[in-house]
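Trainee: Sequence and predicted structure below; questions after.
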Amino acid sequence: MPVSESGSQRGADFSQEDSQLPSFYSPRTKATADAEADRRNGSVADLSTLSLSNPGSNRRIVPSKDADNDDGASTDTSRPPSSLQIGASLPPPSLLSPAFTPPSTPGSATPSVEKEPRGVPVDSSKPTGGCGRNKPKLLETLPHVECIVRARIPTTTGAEMFLHLYTNNVDNKEHLAIVFGGKIRSRSLDAPRPGETEMDRLVRGAYTGRLFPGRTTSSVNNNDAQQEKEEEEPTQPPLVRIHSECYTGETVWSARCDCGEQLDEAARLMSLPSNKAGGIIIYLRQEGRGIGLGEKLKAYNLQDLGSDTVEANLLLRHPADARSYGLATAMLMDLGQKEIRLLTNNPDKIRAVEGPNREIVVTERVAMVPLSWKGRGGFRAPEVEGYLKTKIEKMGHMLDMASLPS
């Protein structure tokens, strides 16, 4: 085969490759080839007007259903480029590092259309405070945590986050805090360390403002300090998601759970321009609700043999949920949080995250409704439907049905 292929050959190859990938993970690769053809013909899509509501859709979005043919491509060449899917203007995704994960990347909502999610007030100090029927087992003493490095992470849509890596005194895992917003900082990271230089502080992320070539000091300059003072102060606590690692749902396209969708949706909500308070995703390395990846895969085989997700764990002689949230509480305290809005469907998690002495107070619970239930993309599969049904019926998870379309 010659080194240089024609555009039509590349488009055919992309289409064959795309048929092997779940639609909710990456944009249509065939649409990418179509976009290249549009550019060759002088028709270039305007990124500022593209629809971003469903990046994982299998079709290029057009105003009329009559404009779709059997393969999902538009047959109406008179339609304006702004009706194309955002995936049509991006390079083809890599199988090793997909350009998009389900259902979208952070900050991909249209600012003028979407507002912050509505929360339900909760109060764990009251029996009827909306914090679950179970009393989670709490640690008597919170773990000691230390943020050893942070770095700015620019995303494919322009939203930015700061990734914080934590060590602790209870396990040898590296837990993470994904922080949205410039006002949320780690106390342990900012604390001076004996013998370190200014370059040491810059390299480990203990700086204020922004890094730039030639910067030599970690402290903020006068202009940056004035700008920080002029920024609008948040009127409510930040949105927080406590997320446990799920390799199968986040990396290998599993339809047995909605963990990948929940992680991406949390990041998207925290990146909304209307979210002035910022956001934090505490990413705990608690694979398989605390039983580890190997045991989780055994549980998957038991599910194929007829057990649900709770029964499978019990058959393997594990608790239905073996996770602990003391690390999350300690990390939130290190990030200077006293009150939070918690993004979860599990009301029992509210009291668990607050800590033994309510070191953190959850003021609101924000529901995480599956996107497919809201008619906004996402995915459906028999496995994930059974998984959600079990979590609701056996584990007490709740959904804010008022957020669904009428």
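Mentor: In hand now; what should we look at?

Trainee: Where does pLDDT dip in the stretch 301-406 of the chain?
Mentor: 399-406 (pLDDT under 70).

Trainee: can you pull out the helices in it?
Mentor: With DSSP state H, counting those that start in this stretch as the criterion, the stretch 301-406 of the chain has helices at 309-315, 326-334, 348-354, 382-395.

Trainee: The last one packs against which elements?
Mentor: Identification of packing neighbours for helix 382-395 by 3 or more CB pairs under 8 Å, 6 or more residues apart in numbering; DSSP states H and E yields helix 309-315. No exception for glycine: its C-beta is placed from N, CA and C like everyone else's.

Trainee: could you say what helices and strands the helix it packs on packs with?
Mentor: helix 293-304, helix 382-395.

Trainee: Please write out the alpha-carbon positions of the last one in PDB.
Mentor: I take that to be helix 382-395. Only the C-alpha atoms of helix 382-395 are listed here, as PDB (Å, rounded to 0.1, in the frame of the first residue of the first chain):
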ATOM      1  CA  PRO A 382     -29.000  -4.400  29.900                       C
ATOM      2  CA  GLU A 383     -26.100  -4.700  32.200                       C
ATOM      3  CA  VAL A 384     -26.100  -1.000  33.300                       C
ATOM      4  CA  GLU A 385     -29.900  -1.000  33.700                       C
ATOM      5  CA  GLY A 386     -29.600  -4.000  36.100                       C
ATOM      6  CA  TYR A 387     -26.700  -2.400  37.900                       C
ATOM      7  CA  LEU A 388     -28.700   0.800  38.500                       C
ATOM      8  CA  LYS A 389     -31.800  -1.200  39.600                       C
ATOM      9  CA  THR A 390     -29.700  -3.100  42.200                       C
ATOM     10  CA  LYS A 391     -28.100   0.100  43.600                       C
ATOM     11  CA  ILE A 392     -31.600   1.700  44.000                       C
ATOM     12  CA  GLU A 393     -33.300  -1.400  45.400                       C
ATOM     13  CA  LYS A 394     -30.600  -2.900  47.600                       C
ATOM     14  CA  MET A 395     -28.100  -0.100  48.300                       C
END
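
Trainee: returning to what we had before: arrange the helices of the stretch 301-406 of the chain in a markdown table, one row each, with mean neighbour count and distance to residue 187 as further columns.
Mentor: Formatted as a markdown table, the helices of the stretch 301-406 of the chain follow (neighbours: other CB atoms under 10 Å; distance: least, CB to CB, whole Å):
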| stretch | mean neighbour count | distance to residue 187 |
| --- | --- | --- |
| helix 309-315 | 19 | 36 |
| helix 326-334 | 24 | 5 |
| helix 348-354 | 23 | 19 |
| helix 382-395 | 15 | 34 |
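
Trainee: got TSV for those helices, with distance to residue 185 too?
Mentor: Putting the helices of the stretch 301-406 of the chain into TSV (distance: least, CB to CB, whole Å) gives the following:
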stretch	distance to residue 185
helix 309-315	38
helix 326-334	9
helix 348-354	20
helix 382-395	34
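
Trainee: coming back round to it: adding distance to residue 374, write the helices and strands packed on helix 309-315 out as CSV.
Mentor: Formatted as CSV, the helices and strands packed on helix 309-315 follow (distance: least, CB to CB, whole Å):
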stretch, distance to residue 374
helix 293-304, 26
helix 382-395, 14
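
Trainee: And the helices of the stretch 301-406 of the chain: which comes nearest residue 280?
Mentor: Counting by CB to CB, residue 280 lies closest to helix 326-334 out of these; the figure is 7.0 Å.

Trainee: Any figure for the gap between the closest residue to residue 187 other than its chain neighbours and residue 121?
Mentor: Nearest non-adjacent residue to residue 187, counting by CB to CB, 6 or more residues apart in numbering: residue 334, 5.4 Å away. Distance of residue 334 to residue 121, given as CB to CB, to the nearest Å: 26 Å.

Trainee: show me what contacts residue 136?
Mentor: 325, 348, 349, 351, 352 (CB atoms under 8 Å, 6 or more residues apart in numbering).

Trainee: give me that answer again for 10 Å
Mentor: For residue 136, the contacting residues are 321, 323, 324, 325, 346, 348, 349, 350, 351, 352, 353, 354, by CB atoms under 10 Å, 6 or more residues apart in numbering.

Trainee: got the contact list for the fourth one?
Mentor: Under the criterion of CB under 10 Å, 6+ apart, the contact list for residue 325 reads 136, 138-139, 242, 244, 282, 284, 286, 332, 349, 351-355, 360.

Trainee: same thing with the fifth one?
Mentor: Taking CB under 10 Å, 6+ apart as the criterion, residue 346 is in contact with 132, 134, 136, 242, 321, 352, 365, 368, 391, 395-398.

Trainee: just the helices in the stretch 51-200 of the chain please.
Mentor: Assigned by DSSP H, counting those that start in this stretch, the helices in the stretch 51-200 of the chain fall at 187-190, 198-203.

Trainee: Any chance of these in a markdown table with mean pLDDT, mean neighbour count and distance to residue 268 as columns?
Mentor: Output for these, formatted as a markdown table (pLDDT from 0 to 100; neighbours: other CB atoms under 10 Å; distance: least, CB to CB, whole Å):
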| stretch | mean pLDDT | mean neighbour count | distance to residue 268 |
| --- | --- | --- | --- |
| helix 187-190 | 98 | 17 | 26 |
| helix 198-203 | 97 | 14 | 30 |
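
Trainee: The residue lying closest to residue 349 once chain neighbours are set aside: which element?
Mentor: Distance criterion CB to CB, 6+ apart; nearest residue to residue 349, sequence neighbours excluded, is residue 242 at 6.4 Å. Using DSSP states H and E, residue 242 sits in strand 239-244.

Trainee: thought residue 368 was touching residue 378?
Mentor: No - here residue 368 does not reach residue 378: they are 11.5 Å apart, not a contact under CB atoms under 10 Å.
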